[in-house]
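1. show me the folded form of this:
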Amino acid sequence: MKTTCLFLALASLAAAQPVRLSFCDGMTRIAREGTPPAAQTHTLHAARGEWEPLQIIVSATPAQLKNLEAVATGIAKRDSDVLLPAPQVLRVHYVRVSQSTPMAPLPPGDYPDALVPLDLPAQDILGDKVVNQPFWVDVFVPYTAEAGAYTGEVRFKLGDGATHTAAYTLKVWDFDLPVVPKLRSSIMTTTRRIAEVHGLAYNGGVPSLTHLGLMNAYYDLLAEHRLSVDQIHGSYPDAATGKLDEDKVERALRKHLLHRHASTIGVPIWPEWPFADPLGKDREAAMSYVAQWMRLLAKIRCESRGYVIMGDLDEPNDAAAYEKVRRWGEFFNEVEKKHGMRVPLLITEQPAPEKAAWGSLHGLVDIWVPHFSEVWKDMEWAGGMRDIAKRREAGDEVWGYAALVQMPNEWEERQGRPKQLQASFPPVWALDYPPMAHRIMGWLFPKHGITGFTYWDTLYAAEGVDVWQDAGTFKAPDGAVYNGDGSFIYPATEQRHGRHAPVASMRLKWLREAVEDYDFLMLAQQLGLEEETQRVVSSFARGFGDWDNNIGSLMEARQQLGAMIEAAHHRKQTAAVGKGAAP
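-> The predicted model follows:
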């Protein structure tokens with residue numbers, strides 16, 4: 001009996017622990033255990049059309065957190081009856097890094113990453129010690145919002161019935177982000193992989209209604225994060241005949257480009273689909289098909305957003321691969337000549353081949369996508385050839401991409417061959433790397449005229465890896481593990497979570513923030529603020545091999561940039577009114 005009473009007393013003591021609420025920004029990762037942030041309030045700044053996050057951390061015992069409810073109110077304008085929509089509130093879920101990514105600056109452990117909708121099951125938390133449970137609050141400012149100060153609240157109700165309220169401030173700047181992001185992107189999320197991770201049957205034919213609904217949910221999620229999937233299933237030709245149903249494809253393109261506001265869309269063509277021999281006996285038919293598809297883009301005035309990406313041409317690395325790219329480049333050049341439709345070919349490769357004997361791709365590739373490390377080597381290393389600048393001068397586009405951990409020998413020598421990467425390295429998108437490594441690209445791209453980026457998958461996981469528990473998604477033949485590589489979206493399934501749904505990661509949010517940062521820089525450029533902008537950017541982001549891992553500097557730079565854009569926007573409006581134009 002004494003043992004039972006002692007247990008009940010301890011349980012009662014644990015349950016009686018005071019609950020604490022605190023705040024932090026969206027770039028800070030909160031450990032499950034330990035001292036939470038001290039901030040008791042938080043202020044956001046955002047333009048119209050922008051997403052801006054904050055985190056509210058509930059520090060309590062697992063028993064108190066069990067069955068916790070969170071409800072966000074509408075965001076009220078001070079001294080007004082104006083009300084903005086309530087933000088999305090998502091529960092932060094932790095995953096385990098057991099083996100570090102090569103050269104990772106951060107240690108193994110549990111990392112906050114998945115952002116789970118509140119109607120999905122919560123992660124089990126063991127023990128009776130006080131722990132931290134962050135909630136991600138995603139605020140969107142509608143284009144109809146008035147500038148000024150607003151207040152929002154998130155109300156928490158614990159399992160024991162106790163309630164707590166966290167209030168924050170939103171200051172809306174008086175300018176708009178572009179509806180279509182200025183930074184172009186191509187993010188691979190395939191029809192087949194969506195079926196696999198959700199346990200749906202798919203043989204390459206017509207997807208089930210459940211499968212189709214899920215694909216659209218993934219496309220929506222990426223577009224909501226100002227990212228563009230590489231291709232959409234609705235724009236595919238008929239699986240049986242290979243013919244385009246123009247009405248169906250046009251509807252799909254309208255939805256994707258005019259409703260989702262995606263920045264790009266890829267032409268659905270591969271080396272052996274929908275034509276068996278597109279470079280040979282099916283050449284004329286394949287060219288007509290590509291031109292027909294591009295005309296549908298032109299019909300809805302989105303032809304500038306179309307391009308071609310083929311995984312089979314990805315990262316050519318020998319003479320045969322270069323020759324294959326040349327043959328396809330010639331094919332699309334012929335389409336342009338015969339049908340009068342521009343068809344840009346995107347290749348993940350730097351403009352200059354690794355070996356001169358492989359030959360040149362100039363005049364055949366329209367969008368070059370070098371790895372971030374190659375951008376440093378070409379444009380920032382003292383021995384670089386500046387080929388990226390030359391291709392831009394020739395009228396080509398240059399994008400960039402991240403994959404694994406690829407440091408040039410020249411960079412490693414310059415840095416003393418470090419065992420861990422701390423800062424000023426070509427950005428790496430692994431979970432056990434700093435959040436800044438995911439976001440810094442938005443500030444670096446304008447320096448070299450880079451206008452987009454690609455990524456190879458959002459749902460990848462090595463065989464046997466449960467992404468909800470294990471961050472080791474990519475396993476190399478040499479035994480190296482790359483945590484989170486190829487995996488930016490978590491698949492919630494009916495069997496495990498009660499319904500099928502794509503679940504965003506914190507890292508996906510950081511990519512969205514990078515795209516919005518780029519939008520800020522482009523707005524400033526359009527307003528003639530190049531000199532002032534450069535001064536702000538150079539305070540922490542000077543190059544792919546010279547940037548500071550300092551969240552405070554980033555936030556301060558963003559504040560300065562927003563205030564500069566708002567002031568310049570007001571000057572422009574005042575000048576227009578002075579000339580008799582509408583404000």
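
2. longest single strand anywhere in the chain?
-> strand 163-176 (DSSP state E).

3. other SSEs contacting that one?
-> strand 20-25, strand 43-48, strand 51-60, strand 148-157, helix 551-578 (3 or more CB pairs under 8 Å, 6 or more residues apart in numbering; DSSP states H and E). In this view, the C-beta of every residue, glycine as well, is placed from N, C-alpha and C.

4. S288: which of the ones you listed is closest?
-> Closest approach to S288 among these (CB to CB): strand 51-60, 41.2 Å.

5. neighbouring strands of the closest one in the sheet, and parallel or not?
-> strand 20-25 (antiparallel), strand 131-140 (antiparallel) (DSSP bridges).

6. what is the neighbour count of Q123?
-> 17 (other CB atoms under 10 Å).

7. related to what we said a few turns ago, and E50, which of the strands paired with strand 51-60 is closest to it?
-> Among the strands paired with strand 51-60, strand 131-140 sits nearest to E50 (CB to CB), with 7.5 Å.

8. any idea of the angle the closest one forms with strand 43-48?
-> Angle of strand 131-140 versus strand 43-48, following axes from the mean of the first three to the mean of the last three CA atoms, to 10 degrees, is 30 degrees.

9. from the chain's centre, how far out does strand 131-140 sit?
-> Between the centre of strand 131-140 and the centre of its chain there are 18 Å (CA atoms, centre = their mean, to the nearest Å).

10. for it, buried residues please.
-> 131-140 (16 or more other CB atoms under 10 Å).

11. do the same with stretch 450-469
-> Neighbour-count burial for stretch 450-469 [16+ other CB under 10 Å]: 450-462, 465, 467-468.

12. now stretch 189-199
-> 189-191, 193-195, 197-198.

13. adding distance to D220, write the strands paired with strand 51-60 out as TSV.
-> Shown next, in TSV, are these (distance: least, CB to CB, whole Å):
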stretch	distance to D220
strand 20-25	26
strand 131-140	14
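
14. what's the closest of those strands to Q406?
-> Among the strands paired with strand 51-60, strand 20-25 sits nearest to Q406 (CB to CB), with 29.4 Å.

15. where does the prediction get shaky in the protein?
-> 1-16, 577-578, 580-583 (pLDDT under 70).

16. what's the burial count for D517?
-> So D517, with other CB under 10 Å, has 25 neighbours.

17. which non-adjacent residue is nearest it?
-> G442 (3.4 Å; CB to CB, 6 or more residues apart in numbering).

18. looking at the buried residues of stretch 450-469, which are in strands?
-> Reading strands off the buried residues of stretch 450-469 with DSSP E, I get 452-455.

19. quick one on the thing from earlier: same question for the longest strand of the chain: list its buried residues.
-> Buried-residue list, strand 163-176, by 16+ other CB under 10 Å: 164, 166-168, 170, 172-176.

20. so G486 is in contact with V467, correct?
-> No. When contacts are counted by CB atoms under 8 Å, G486 is not listed as touching V467 (10.1 Å).

21. overlap in contacts, these two.
-> Residues touching both G486 and V467 (CB atoms under 8 Å, 6 or more residues apart in numbering) are 461, 473.

22. which ones are touching the residue most central in space within the chain?
-> Most central in the chain under CA atoms, centre = their mean is L511, positioned 3.3 Å from the mean C-alpha point. Contact analysis of L511 by CB under 8 Å, 6+ apart lists 225, 227, 438-439, 488.

23. and which of those is nearest I367?
-> L227 (16.6 Å).

24. now do the contacts for P408.
-> P408 touches 373-374, 376-377, 381, 426, counting by CB under 8 Å, 6+ apart.

25. quick one: it and A321, what's the gap?
-> As judged by CB to CB, to the nearest Å, P408 and A321 stand 21 Å apart.

26. do N409 as well
-> 22 Å.

27. of these two, who's got more company?
-> Each of N409 and A321 has its neighbours counted (other CB under 10 Å); A321 has more, 16 against 9.

28. and the more buried one, helix, strand or coil?
-> helix (DSSP: H, G, I helix; E, B strand; the rest coil).

29. one more: the one 3 residues further on?
-> Assigned with three-state DSSP, K324 falls in the helix class.

30. pretty sure it is touching P316, no?
-> Yes. Contact criterion CB under 8 Å: K324 and P316 qualify, at 7.1 Å.

31. more neighbours, those two?
-> P316 (21 against 17).

32. distance of that one from I347?
-> On the measure of CB to CB, P316 and I347 end up 7 Å apart.

33. what sits against the closest residue to T43 other than its chain neighbours?
-> Nearest non-adjacent residue to T43, counting by CB to CB, 6+ apart: T169, 4.3 Å away. By CB under 8 Å, 6+ apart, the contact list for T169 reads 41-44, 149-152.

34. would you map the strands across the stretch 401-550 of the chain?
-> Ranges of strands within the stretch 401-550 of the chain are 452-455, 474-475, 481-482, 489-492, 501-504, 541-543, 546-547, based on DSSP state E, counting those that start in this stretch.

35. check which helices and strands the first one sits against.
-> Counting contacts by 3+ CB pairs under 8 Å, 6+ apart, strand 452-455 packs against strand 184-187, strand 400-401.

36. cutoff 10 Å now
-> With contacts taken as 3 or more CB pairs under 10 Å, 6 or more residues apart in numbering; DSSP states H and E, strand 452-455 sits against strand 184-187, strand 400-401, helix 506-526.

37. would CSV of these with distance to K337 be doable?
-> Below are those laid out as CSV (distance: least, CB to CB, whole Å):
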stretch, distance to K337
strand 184-187, 25
strand 400-401, 30
helix 506-526, 33
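
38. relative to A60, which of these is closest?
-> Nearest of the helices and strands packed on strand 452-455 (CB to CB): helix 506-526, 21.4 Å.

39. report the angle between the closest one and strand 163-176.
-> Going by the same axes, to 10 degrees, helix 506-526 makes 30 degrees with strand 163-176.

40. am I right that M385 sits in a strand?
-> No. Assignment of M385 by three-state DSSP gives coil, placing it outside any strand.

41. wait, it sits on P351?
-> Yes. Counting by CB atoms under 10 Å, M385 does reach P351; the two are 8.8 Å apart.

42. mind listing the helices for the stretch 201-350 of the chain?
-> 209-224, 246-253, 283-299, 319-339 (DSSP state H, counting those that start in this stretch).

43. nearest to K157 among those helices would be which one?
-> Here helix 209-224 is closest among these (CB to CB), at 27.5 Å.

44. mind exporting the C-alpha coordinates of stretch 89-100 to CSV?
-> What follows is stretch 89-100, C-alpha atoms only, in CSV (Å, rounded to 0.1, in the frame of the first residue of the first chain):
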residue,chain,number,x,y,z
VAL,A,89,-1.1,25.6,-36.3
LEU,A,90,1.1,22.4,-36.6
ARG,A,91,2.6,20.2,-34.0
VAL,A,92,6.4,19.7,-34.2
HIS,A,93,7.5,16.0,-34.5
TYR,A,94,11.0,14.8,-33.7
VAL,A,95,13.1,12.3,-35.7
ARG,A,96,16.3,10.6,-34.8
VAL,A,97,19.7,11.2,-36.3
SER,A,98,21.7,8.1,-35.3
GLN,A,99,24.7,8.4,-37.7
SER,A,100,25.9,11.9,-38.6
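
45. if we can go back for a sec, export the contacts of P408 to a markdown table and tack on distance to Y219 and neighbour count?
-> A markdown table is the format used below for the contacts of P408 (distance: CB to CB, whole Å; neighbours: other CB atoms under 10 Å):
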| residue | distance to Y219 | neighbour count |
| --- | --- | --- |
| S373 | 30 | 24 |
| E374 | 30 | 25 |
| W376 | 33 | 26 |
| K377 | 35 | 23 |
| W381 | 38 | 16 |
| P426 | 30 | 26 |
